[in-house]
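Novice: Could you look at this predicted model? Sequence included:
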Amino acid sequence: MTSSAAERQSFGPRLAAAMRRAGPLCVGIDPHPGLLADWGLDDTAAGIERFSRTVVEASTDRDGTSLAAALKPQVALYERHGAAGFAVLERTLQDAHDAGILTIADAKRGDIGSTMQGYASAWLEDGSPLAADALTLSPFLGYESLRPAIDLARNTGRGVFILALTSNPEGASVQHALGEGQVSVAADIVRRAAADNRIDLDTTDAADAAASAGKGAVLGTVGLVVGATIPDTARRLSIDLAASGAALLAPGYGAQGATTERMRLGFDTAWPQVLVNSSRGILTAGPEVEALRTRIRLTTEDITG
Ligand SMILES: O=C(O)c1cc(=O)[nH]c(=O)n1[C@@H]1O[C@H](COP(=O)(O)O)[C@@H](O)[C@H]1O
C-alpha cells in the first residue's frame, strides 16, 4: 500500500464513496479448487495468481472505471498454498490497490488481546505486506479482545467487519444465544460496534463526508457481517442495524440463495448500509474477462434495480 495513514481519509467515508461511485457490490475472490479446474487452471500458486489477476482486471472497466466497490480475497484459499499462496495474496492486494478498488481481507481473525495485536499489525498496519483496507474479524473470544485491531484500523484509516449474524445455519446456536440481561450475543456485538462507530461519527472527517455525500449512509470504522441469507433475523432479535453506523457486509447473495427482493425486505431501513458480497455467483462466469465484467454489471443492476 503506498498511501500513508496521515493522507488517508477514514474507512467509512471511503467505503461510502466507493459504493456511491461503483454500486454496493463486493466481488469475492475465492479461488476454490473446483473453480480453478473450471477455468482451466492448476490448483497451484501460479493458478491462483492467474485467477486473482483476472478477477481484479474484470472488476475495472476498459476505461478504468471501477465496477465494484470492493474486492474480498478469501484468505483460506490462498493459505492452502503456504508461503507461495501468501505471496500471491500480497500481490493481489497490491493489484487491487493500484486499480483503485478497496480490499477486504477475509481472514476472520480473532484472538486474545495480547496476540490479537499481531494479527492487527499483519493486516491493518501501514507498510505490512498484507495490509488491506479492511479485515474480517471473529468476536467470539469477546468483542473487546478485538480492540487492538479496531484501534489500529481507526488510526490508519482502515476498517474491520465483525461477524454478527453469519450466513451459515450453524451460526445461530452461538449468535442467537442469550447472555447478560437476556440480550442475544449478536445484539451485544451490534451494540458495541455502534458505540465504536459513534466515536468516528463525531469526528469532522465523517461529518464532512456526510455533508458532501448529500445522501447515502454515514459509516464508521466498524462494519458488521450480516448474512444476506438471513436479513430479517436482526429484526426478530430486536437489533437495530440502521442505527449502528456500520457498513453491513452481506455474503450469501447468489450461490447461497439470497435474492435482492429478500435482502431489501429484510434489511429494510439499513439497506443503504449494505455491501453485498458475491463470490461464486460471479466467478462461475470466468475465465474470460469480458464475461466476468458482464456478470459483475448484471449483478450490480440486479441489486440496485
Ligand atoms: O465473512 C464473510 O465474508 C462470510 C461470512 C458469512 O457469514 N458467510 C460467508 O459466506 N462469508 C464469506 O463470503 C463468501 C461467500 O461466497 P459465495 O457463497 O461463493 O458467494 C465466502 O468467502 C465466505 O467465506
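Specialist: It's in. Residues are numbered from 1 along each chain as shown.
Novice: Could you find the residue in the stretch 51-200 of the chain that comes nearest to the ligand?
Specialist: Using C-beta to the nearest ligand atom, the closest approach of the stretch 51-200 of the chain to the ligand is made by Thr166 at 3.2 Å. All C-beta atoms are positioned from the backbone trio N, CA, C, and that covers glycine.
Novice: Count the neighbours of that residue for me.
Specialist: Around Thr166 sit 21 other residues, with neighbours defined as other C-beta atoms under 10 Å.
Novice: do the same with Ala120
Specialist: 26.
Novice: Give me the nearest residue to it, chain neighbours excluded.
Specialist: Ala149 (4.0 Å; C-beta to C-beta, 6 or more residues apart in numbering).
Novice: Does that neighbour touch Ser138 like I think?
Specialist: No: Ala149 lies out of contact with Ser138 (C-beta atoms under 8 Å); the separation is 10.8 Å.
Novice: what's the overlap in contacts for the two?
Specialist: Counting by C-beta atoms under 8 Å, 6 or more residues apart in numbering, the common neighbours of Ala149 and Ser138 are Arg109.
Novice: the more surrounded of those two?
Specialist: Between Ala149 and Ser138, counting by other C-beta under 10 Å, Ala149 is the more crowded of the two (27 against 16).
Novice: circling back to that earlier point, find the nearest non-adjacent residue to the residue of the stretch 51-200 of the chain closest to the ligand, please.
Specialist: That would be Gly227: by C-beta to C-beta, 6+ apart, it lies 5.4 Å from Thr166.
Novice: Which residues of the stretch 1-150 of the chain lie near the ligand?
Specialist: Residues of the stretch 1-150 of the chain lying near the ligand by C-beta under 6 Å from any ligand atom: Gly28, Asp30, Gln74, Asp106, Lys108, Thr136.
Novice: Counting neighbours, show which residues of the helix or strand where the fifth one lies come out buried.
Specialist: Spelled out, it's Lys108. Lys108 belongs to strand 102-109 when elements are defined using DSSP states H and E. Within strand 102-109, the residues that count as buried by 16 or more other C-beta atoms under 10 Å are Leu102, Thr103, Ile104, Ala105, Asp106, Ala107, Lys108, Arg109.
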